[in-house]
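Novice: Sequence plus predicted model, see below.
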Amino acid sequence: MKETTMKRGQFLRELGLSGSALMAFYCMGTTLTACSTSSDDPTPDSGGTGSSTGLTGNADTSKGTISFTLDLTNSTYSGLKTAGGFVIVGSVIIANAKGTIVALSKTCTHEGTTLTYRSSQNDLYCSNHGSEFSTTGAVEVGPATRSLAIYQAQLSTDGNTLTVKA
Ligand code: FES
């Protein structure tokens, strides 16, 4: 019995596959990373550290005491320079509340939903069951009954660096 060897590409071409279908077979037959177009860098962990992300320090309560700085020239955080802008960094929601930067726990004290800042009401709102908190963390509307943790937020004199700590 005569055994012939055939390269995969040749085999697939003989099946009548070409172009993208052929490429798909190549990708499936090799490691997926070989065909990946994404970089090897994972999405930056907003709770971690790394000045390349504009965040230095710890913003995650599960990793210890909150203490971090944000580079407000970084596009991820530059919205905080504008009244009404807000970002969520790790465990913290930071908002520019009518020109004053405030930093509070992002977690609704009712059942843990992540809050949003509403510039029109100048409050923190939970879309899950409708709790509302003031920018000092006090409950304004339930069902939540416990206030939010609030953090110190200090802008640098040039307005480009924000320091947040417990
Ligand atoms: S989880 Fe926020 S109001 Fe229920």
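Specialist: On my side now, so go ahead.

Novice: And residue 133, how close does it get to the ligand?
Specialist: Distance check for residue 133 against the ligand: by C-beta to the nearest ligand atom, to the nearest Å, it reads 9 Å. Any C-beta I mention is one placed from the backbone N, CA and C, and that applies to glycine too.

Novice: Specify the local secondary structure of the residue lying closest to that residue once chain neighbours are set aside.
Specialist: Distances taken as C-beta to C-beta, 6 or more residues apart in numbering put residue 124 closest to residue 133, at 4.2 Å, once the chain neighbours are dropped. Secondary structure for residue 124, judged by DSSP: H, G, I helix; E, B strand; the rest coil, is strand.

Novice: my read: residue 124 touches residue 148, true?
Specialist: Yes: if you go by C-beta atoms under 8 Å, residue 124 and residue 148 touch, sitting 6.9 Å apart.

Novice: who touches both of these two?
Specialist: Shared contacts of residue 124 and residue 148, defined by C-beta atoms under 8 Å, 6 or more residues apart in numbering, are found at 104, 115, 133.

Novice: show me what contacts the nearest residue to the second one once chain neighbours are set aside?
Specialist: Same thing as residue 115. Among residues not flanking residue 115 along the chain, residue 124 sits closest, at 4.5 Å (C-beta to C-beta, 6+ apart). Taking C-beta under 8 Å, 6+ apart as the criterion, residue 124 is in contact with 93, 95, 104, 115-118, 132-135, 148.
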